[in-house]
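A.B. asks: Pasted the sequence and its predicted model underneath.
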Amino acid sequence: MSTVTNISTITQFARHGQTMFWRFVWKEFRMIRSLWAAVAVMGLLIQFVEKTLLPGESDFVLTLFCTGLAAAVLYAAGAAATTFSAEHEEETYDLLTRLSTIWWPPFAGKLAVTLLSALLLGTVLSISALIFGGRYF
């Protein structure tokens, strides 16, 4: 076997891993987007209720900010549990173990989507805390 064959095989294998990674990212995004939307709406509603019901002397921005971060943390825990347990519930775990790929594309796809969506949710709810707080905008 020549060196040229080995290099092209390694390149093809790396390209295949990247393709599988993006497929898993898309799959995980589709699976948890409704959870993300539900927690975002619920977080915004709770922030609105807090803004409406808290007395005027309260530090609105800090309270709303903490509510947003708590919602993001709870979402991250729920999304991680959902993405990693869904394969067993949908009975696709055996199929995934038989795929002709290494372990990192499914794991990295799940981790990336969960982490990035939790950070995005925390950012959205933090910005809404500043908007509802009314001090900076």
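C.D. replies: It's in.

A.B. asks: CA only for contacts and neighbour counts going forward, please
C.D. replies: Will do.

A.B. asks: packing partners for the strand or helix carrying residue 38?
C.D. replies: Using DSSP states H and E, residue 38 falls within helix 3-53. Applying 3 or more CA pairs under 8 Å, 6 or more residues apart in numbering; DSSP states H and E, one finds that helix 3-53 contacts helix 60-89, helix 104-133.

A.B. asks: Between helix 60-89 and the last one, find me the angle.
C.D. replies: Just to be clear, that refers to helix 104-133. 150 degrees (axes from the mean of the first three to the mean of the last three CA atoms, to 10 degrees).

A.B. asks: picking that back up, figure out how far the helix holding residue 38 is from the centre of its chain.
C.D. replies: A distance of 6 Å separates the centroid of the chain from that of helix 3-53, by CA atoms, centre = their mean, to the nearest Å.

A.B. asks: same question, stretch 112-131
C.D. replies: 10 Å.

A.B. asks: Low-confidence stretches in the chain?
C.D. replies: Residues of the chain meeting the criterion pLDDT under 70: 1-17, 56-58, 88-101, 103, 135-137.

A.B. asks: same thing but 80
C.D. replies: 1-20, 55-60, 84, 86-106, 133-137 (pLDDT under 80).

A.B. asks: burial measure for residue 125, as a count.
C.D. replies: 26 (other CA atoms under 10 Å).

A.B. asks: Starting from residue 65, give me the distance back to it.
C.D. replies: 7 Å (CA to CA, to the nearest Å).

A.B. asks: Also residue 51?
C.D. replies: From residue 51 to residue 65 the distance is 11 Å (CA to CA).

A.B. asks: do the same with residue 41
C.D. replies: Applying CA to CA to residue 41 and residue 65 gives a distance of 15 Å.

A.B. asks: more neighbours, these two?
C.D. replies: Counted by other CA under 10 Å, residue 41 and residue 65 do not tie: residue 65 has more neighbours, with 22 against 13.

A.B. asks: Which secondary structure state does residue 102 sit in?
C.D. replies: Of the three states, residue 102 takes coil according to DSSP: H, G, I helix; E, B strand; the rest coil.

A.B. asks: For burial, what's the neighbour tally of it?
C.D. replies: 13.
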